[in-house]
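Engineer: I would like to see how this sequence folds:
(chains A and B)
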Amino acid sequence: MSRYLVNRVLRDVYLDDSVNAAFRAEPTACVSAWQDRTGRRLTGAERAAVVAGDYAALYAMGAHPYLLWGFCESTMVPARSRAELVADYREALLPLGYPDVATTPAPAGGG
Amino acid sequence: MSRQRVAKPGKGDDPVAELVGVVGVQHNPLLWRELARPERADLRAVRAAFDDVAARVALTRPDVVVIVTTDHLRQWFYDNMPTFLVGKADGYPATFPDESRDFGIPTAELSGDAEVGGWLHRDGLARGFDLAGSDDLRVDHSVMIPLLFLLPSLQVPIVPVFTNTMAPPFPSATRYYELGRVLRRSIESCPLRRRVLVIGSGHTATEVGGPRQFRGSPGPEFDEASFDCLRTGEPERLIELCSDDTLVSAGNLTHQFLNFVVAFGVAGGRPADRAQVVPSPFSSSPFLEWYADATGPADGSTTASTATAGASA
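Structural biologist: Purely as a prediction, here's the structure:
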C-alpha cells in the first residue's frame, strides 16, 4: 500500500484538466495510462477504489482528505449534484473518524 | 556579523525597513464567488470585515507584502515538501488551472520583491532558522484570496513565506512562533528602504474532505480559546493550545491556524489591536490586526470592525 501513490493519482486527476477529462470519460483507461506514464503501480485495491471513486475506501486508506475531496468534486459533479455528493460523502465518512494520513506512519509504539 | 556590513542604500548606518502592520485573514477559495454579491447576512458580515481591514491596510502604504501562507499540495507535494520556505523571485504566477476552473479565481502575474525575499532567506539562516528558498514558484489561492480582498490592485510586490501546514508530520507550534519572531528581527534589521506589511494567511478551525466539512466551524471552542490568547497577548498559552491532537480535533486542516501563530510571532506576541471571528457557512472567518502604532493607522476609523463584535468568539 502506498498513500503517496494514491495521493499522487488523486492529485493528478484533480489538478490536471486533461487527466481530469480522461478520468471522467473512462476512469479505468485513465488510471492504466497514468500507471504507464509514471511507471508506478497502485495495488489492486487502490486502483479499484480510485476507478470507482470509492471515497469511503480511499479515506479509510489514509488518502489526504483535501486531495480526496478535490478529486471527488472535480470528477463527480455535475453528474451528481454537489449538495447530494456533500451529504453522501459525509454519511460515508462519519463512521471512519480521522485516519492517519501521514505517508510514512509512525512505527507502532513509537513516540 | 557580516550582514551588518551590507551597504545601506538608505539613511546612515541604521536599518531602514519598517514593519508597518501585521494582519491575519483566511483564504477559503469559495469566498471569491461567495463574497462578490453576498446575500446571506453572515457572508455580508465577512465581506464588510474584509473591506474594513482593507481600508486600514491601505493606510499603512506598504511597499512590500510578506505573506505567510500555505500551498495546498499544488506547488509543493510529497515528492519535495519544504517545512518553511521563502520566495526570492521577482515575480510569481498565480494561480493554478484547477482554481480558475473550480473557484473562478483570476490568473495573475504578481510582482515579487526579490531583494527583500533574498534578505529574509539569508538573514533567517544567519539567525539560525534553516529556511529553504525558491527562485521559481507558483502561488495558489492562499496568496490570491487575501490579496484580492485586502490589496485588490495586486500592485504591491510580495514575498511569499510558505509553511507546511498540510502534509504531516509538522514541527511544533513553537517553531511557527519562532519563525515569526525571526521574520520580525529580519525585517527590522533589513537595510532596504521598505514599508513592510505582513499578512498571515490561514484558517481558524477548518475541515475539508472530512465528515465535518461545509458545516460552519468544526471547532468553535478552539476558535474561542485561540482568539482569546491573541486578544490578551499570551503566546505561551496559544502554543500550548496548538498541539497536533487539539488542532486535528478542531478540524482536519486546522494546522493552517499555525500561520496566525507565525503572525503573532511577527507582532511580538502583543495583544492584537483587533481580533474577531465572523461565523460563516464554511468555517469561521478570522480577522486579526496589529499596527506599528498600537492605536492603528491614524485616520480615526477605529470602530468599523466592532460592528460584528456580537459574532466574535
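Engineer: low-confidence ranges in chain A?
Structural biologist: A:1, A:109-111 (pLDDT under 70).
Engineer: Write out the residues of it neighbouring chain B.
Structural biologist: Contacts of chain A with chain B, taken as C-beta under 8 Å from any C-beta of the partner chain, map to A:4, A:7-8, A:11, A:14-17, A:20, A:59, A:64-70, A:73-74, A:86, A:89-90, A:93-94, A:96, A:98, A:101-103. Just so you know, the C-beta spots here come from the backbone N, C-alpha and C atoms, and that holds for glycine as well.
Engineer: hmm, which of those are the buried ones?
Structural biologist: Neighbour counting by 16 or more other C-beta atoms under 10 Å in any protein chain shown classes A:7-8, A:11, A:14-16, A:20, A:59, A:64-70, A:73-74, A:86, A:89, A:93, A:98, A:101, A:103 among the residues of chain A next to chain B as buried.
Engineer: Helices of the chain, residue ranges please.
Structural biologist: Answering for chain A, as no chain was given. Listed in chain order, the helices of chain A (DSSP state H) span residues A:3-15, A:17-25, A:27-38, A:44-52, A:55-61, A:65-76, A:82-93.
Engineer: look at chain B instead
Structural biologist: Under DSSP H, chain B gives helices at B:31-34, B:41-59, B:97-103, B:114-126, B:141-150, B:173-188, B:220-232, B:235-241, B:244-249, B:258-266.
Engineer: Buried deepest among the ones you listed, which one?
Structural biologist: For those, the largest average neighbour count (mean count of other C-beta atoms under 10 Å in any protein chain shown) is found in helix B:258-266, namely a mean of 29.
Engineer: tell me what that helix is packed against?
Structural biologist: strand B:18-26, strand B:64-69, strand B:158-163, helix B:173-188, strand B:195-202, helix B:220-232, helix B:235-241, strand B:285-291 (3 or more C-beta pairs under 8 Å, 6 or more residues apart in numbering or on different chains; DSSP states H and E).
Engineer: Just put the helices of chain B in CSV and tack on mean pLDDT.
Structural biologist: Formatted as CSV, the helices of chain B follow (pLDDT from 0 to 100):
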stretch, mean pLDDT
helix B:31-34, 95
helix B:41-59, 97
helix B:97-103, 93
helix B:114-126, 98
helix B:141-150, 98
helix B:173-188, 98
helix B:220-232, 98
helix B:235-241, 98
helix B:244-249, 97
helix B:258-266, 98
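Engineer: closest one to residue B:71 among these?
Structural biologist: Nearest to residue B:71 among the helices of chain B is helix B:141-150 (6.6 Å), distances taken as C-beta to C-beta.
Engineer: May I have that closest one as CSV, with CA atoms only?
Structural biologist: Extracted in CSV, the C-alpha atoms of helix B:141-150 (Å, rounded to 0.1, in the frame of the first residue of the first chain):
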residue,chain,number,x,y,z
HIS,B,141,-5.4,30.7,-3.6
SER,B,142,-3.8,31.1,-0.1
VAL,B,143,-1.9,34.1,-1.6
MET,B,144,-4.6,35.3,-4.0
ILE,B,145,-7.6,35.4,-1.7
PRO,B,146,-6.0,37.7,0.9
LEU,B,147,-4.5,39.9,-1.8
LEU,B,148,-7.8,40.1,-3.8
PHE,B,149,-9.7,41.3,-0.8
LEU,B,150,-7.1,43.4,1.0
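Engineer: Does chain A have contacts with it?
Structural biologist: No - among the residues of helix B:141-150, none lie within reach of chain A under C-beta under 8 Å from any C-beta; the closest is 11.9 Å away.
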